[in-house]
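Undergrad: need a structure here:
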Amino acid sequence: MAPKPMPQGGREFTLFPFRLFRLNPPFLDNAVLPGPIEEIYPWRRREAWRSDPFFSRANRMRAAVPGLFLASVAFAAFVAYDQWDQASGPASIERKKWEEWMHEREKRIAAEGHHGGHH
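TA: As a prediction, this is how the structure comes out:
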């Protein structure tokens, strides 16, 4: 049995964008290195990816810790809410009520003559 002929110029995968995935892809066509070395540097186009903004230090750090910004904002919001809650929010009202209750309890225990021991 004879092998099937390859479609469209010998390429097996007709919908794959081969033009973008070659050794020197088109987005590197205009990549140049600063200075006169670009005329004598034969690997200029293959090294151009190193200076692409996609591989910048900021982008690499962002990729290294993907949720750090969101977690920092959420933690800051939590701390701000907690500070407000303890200072003038519902928790401060509850704490004042408990302090009054404990003070009254201490007075009642002292008036009954208990000295902190068990019977």
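Undergrad: Show me where the protein has its strands.
TA: Counting by DSSP state E, no segments of the chain form strands.
Undergrad: In it, where is pLDDT below threshold?
TA: In the prediction, the chain carries residues with pLDDT under 70 at positions 1-11, 19-42, 114-119.
Undergrad: if you set the cut-off to 80 instead, what comes out?
TA: For the chain, applying pLDDT under 80 flags the ranges 1-14, 16-51, 113-119.
Undergrad: for the longest helix seen in the chain, packing partners?
TA: Across the chain, the longest stretch assigned as helix under DSSP state H is helix 90-112. Contacting helix 90-112 under the criterion 3 or more C-beta pairs under 8 Å, 6 or more residues apart in numbering; DSSP states H and E are the following elements: helix 68-88. No exception for glycine: its C-beta is placed from N, CA and C like everyone else's.
Undergrad: Residues touching the helix it packs on, excluding its own?
TA: 91, 92, 95 (C-beta atoms under 8 Å, 6 or more residues apart in numbering).
Undergrad: how close does the last one get to residue 81?
TA: Read that as residue 95. Remark: distance between residue 95 and residue 81 (C-beta to C-beta, to the nearest Å) = 16 Å.
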